[in-house]
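**Student:** A predicted structure for the sequence below; I have some questions about it.
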Amino acid sequence: MTKFTKNKTKDVIVTIKRLGINGEGIGYYKKKIIFIPGALPDEVVVAKITKSYPHYLEGELVRIKEKSPDRVTFPKGVDPRTGGLELANLAYPKQLEFKQHLILDALRKYHPRNYQKIKVKKTLPAPQQWHYRNKAQYQIELNRGKSKLGLYAPNSHNLIDLPEMPTQSKATQKTEREIKKLISKFQVPIANFRRKAEGIKTVVVRESFSTKEIQVTLITVGKKIKNLIPLAKEIMKLPNVVSVFQNETQWNNPQVWGNKTTKLFGKDTITEEILSKKFKLSPRAFFQLNPEQTTNLYSEALKYLDLTPDQTLIDAYSGVGTLGILASDRAHQVIGIESIPEAVTDAQTNTSLNHVKNAEYIQGNVEKLLPQLRKEGINIDAVIVDPPRTGLNKKLIKTLLDVKPETFVYISCNPSTLAKDLVFLSEAYDVRVIKPIDMMPQTPRWEGVAKLVLRNK
């Protein structure tokens with residue numbers, strides 16, 4: 001771990017040159033780079049140096065001496081420390097420019113083959129810049145007899161109570177606040193890390209954009225929680241709530257979710273609709289947080305795949321089968337590969353739900369199953385990948401370079417790992433185009449679609 005020292009110097013004046021990948025303002029003080037959250041390019045700010053590292057500084061914005069013309073008013077009634085609003089003080093057109101520059105900067109940093117010639121399009125704006133998130137995953141704590149329900153301030157254990165979160169859908173936000181009241185009313189224990197006391201730790205509320213159904217999951221430390229069932233019964237009476245689940249975790253689990261999920265009341269799934277296809281979602285099923293923009297993301301990906309009716313498509317990291325099912329009308333065959341058994345089950349359910357006959361989903365690792373499928377005589381014409389932020393597994397990249405599908409589309413949520421992976425993939429592929437898609441307005445989070453075509457086939 002990099003050592004730092006607390007700095008007790010007086011306030012300093014800094015001119016902000018650009019934004020960093022996390023949306024923080026970047027300037028220089030005594031020839032050392034300084035990161036100042038909340039500051040914007042071309043602003044002159046007064047900052048307090050909070051941490052000093054050997055090669056950089058961290059600062060806290062004190063006041064603005066010269067304001068950027070692109071600065072807009074931060075949402076009222078919201079704690080500025082709240083994560084997920086890092087760009088909320090930047091005019092939306094400039095947020096879109098920032099996200100285009102993120103991938104351009106990553107390409108210049110990692111130098112994939114012919115990176116200067118890769119066409120990077122303008123960022124596709126989101127239909128809604130506010131209230132677009134259909135899932136709220138709030139932590140709950142008891143502090144001096146009062147409960148807090150919300151998000152932790154970035155890089156801290158300080159929980160910020162969130163009566164209002166302007167990027168969250170109004171229905172999920174309202175449901176979260178009602179659940180908070182009910183937890184107090186029924187005196188349901190709240191988990192306490194210091195005392196290792198069992199209780200509710202996290203409240204997850206997910207809304208279907210198309211059906212307006214709401215699915216609630218109470219993540220608990222411990223199984224038998226006092227008054228949990230009466231609480232769940234009351235939650236079922238809230239508007240549009242169709243199910244309540246309990247997910248069990250442990251204190252030593254670094255992830256939010258535990259491995260065991262039990263339905264307490266209601267439906268097994270909620271139903272979402274994308275491009276006229278329906279998808280049933282169980283509590284742990286991954287689905288994009290911005291359903292309206294997801295339609296645009298997947299439309300762009302399918303356009304770049306450019307499938308023909310005689311081709312076989314491999315849907316890697318297939319999740320609940322969304323992309324493969326959407327592509328099934330355009331291909332001869334779709335084979336989805338997913339490592340999580342529950343997701344494979346959801347994908348199989350979704351193929352039946354949509355009467356898709358030419359798609360199958362199998363559990364396993366893509367890098368192992370792709371060569372096996374080729375040995376079985378299956379033509380691997382096209383591949384679509386939607387990996388986690390860490391990017392593609394090195395073994396999978398090697399496998400793709402061995403199998404050499406004619407074309408494939410890479411959906412990325414991290415410009416740095418996309419650029420790194422393209423360094424290796426561009427040994428055999430030309431990167432025709434990268435299209436940034438703004439899935440999460442007001443945040444520095446990036447999403448994009450890249451089209452790759454086999455060279456000299």
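**Tutor:** Here it is on my side, so go on.
**Student:** Would you verify that Val334 is located in a helix?
**Tutor:** No: secondary structure of Val334 (DSSP: H, G, I helix; E, B strand; the rest coil): strand, not part of a helix.
**Student:** And the contacts of the longest helix seen in the chain?
**Tutor:** As assigned by DSSP state H, the longest helix anywhere in the chain is helix 92-110. Around helix 92-110, the neighbours that count as contacts under CB atoms under 8 Å, 6 or more residues apart in numbering are 19, 21, 23, 70, 87, 90, 115, 118, 120-123, 125, 129, 415-416, 418-420, 422-423, 434, 436, 438, 441-442, 444, 446, 448. Every C-beta, even on glycine, is put in place using the N, C-alpha and C of the backbone.
**Student:** do the same with stretch 163-174
**Tutor:** By CB under 8 Å, 6+ apart, the surrounding residues in contact with stretch 163-174 are 75, 77-78, 82, 84-85, 88, 130-136, 150-151, 162, 177, 205-207, 212, 214, 239-240, 440-443.
**Student:** try it again with 7 Å
**Tutor:** 75, 77-78, 84-85, 130-136, 177, 205, 207, 214, 240, 442 (CB atoms under 7 Å, 6 or more residues apart in numbering).
**Student:** Stretch 313-326 too?
**Tutor:** Stretch 313-326 is contacted by residues 274-275, 277, 279, 281, 285-287, 298, 301-302, 307, 327, 331, 334-338, 343, 346-347, 350-351, 354, 356, 359, 361, 366, 370, 380, 382-387 when judged by CB under 7 Å, 6+ apart.
**Student:** Check which residues of the longest helix of the chain are buried.
**Tutor:** For helix 92-110, burial by neighbour count (16 or more other CB atoms under 10 Å) applies to 92, 94-104, 106-107, 110.
**Student:** quick one: average confidence on it?
**Tutor:** For helix 92-110, mean pLDDT rounds to 97.
**Student:** Now the element after it, going C-ward?
**Tutor:** Downstream of helix 92-110, the next assigned helix or strand under DSSP states H and E is strand 119-120.
**Student:** quick revisit: looking at the buried residues of helix 92-110, which is nearest Arg144?
**Tutor:** Proximity of these to Arg144 (CB to CB) peaks at Gln95, which lies at 38.0 Å.
**Student:** Who does the strand ranked longest in the chain pair with, and is each partner parallel or antiparallel?
**Tutor:** Longest strand in the chain, counting residues (DSSP state E): strand 56-66. Sheet pairing here is set by DSSP bridges, and for strand 56-66 it gives strand 32-36 (parallel), strand 44-52 (antiparallel).
**Student:** got those as CSV, with mean pLDDT and mean neighbour count columns?
**Tutor:** Shown next, in CSV, are the strands paired with strand 56-66 (pLDDT from 0 to 100; neighbours: other CB atoms under 10 Å):
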stretch, mean pLDDT, mean neighbour count
strand 32-36, 96, 19
strand 44-52, 95, 18
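**Student:** CSV please, covering the ones you listed and showing distance to Lys267.
**Tutor:** Listed next are the strands paired with strand 56-66 as CSV, based on distance: least, CB to CB, whole Å:
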stretch, distance to Lys267
strand 32-36, 46
strand 44-52, 48
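**Student:** Compare those strands and give me the one nearest Leu401.
**Tutor:** strand 32-36 (36.7 Å).
**Student:** Do a quick rundown of the strands in the stretch 201-350 of the chain.
**Tutor:** For the stretch 201-350 of the chain, the strands defined by DSSP state E, counting those that start in this stretch occupy 214-221, 241-249, 260-266, 270-274, 277-281, 312-316, 333-338.
**Student:** Retrieve the pLDDT associated with Thr407.
**Tutor:** On pLDDT, Thr407 comes in at 88.
**Student:** And for it, the neighbour number?
**Tutor:** Here the number of neighbours of Thr407 (other CB atoms under 10 Å) works out to 21.
**Student:** what do you get for Asn240?
**Tutor:** Here the number of neighbours of Asn240 (other CB under 10 Å) works out to 15.
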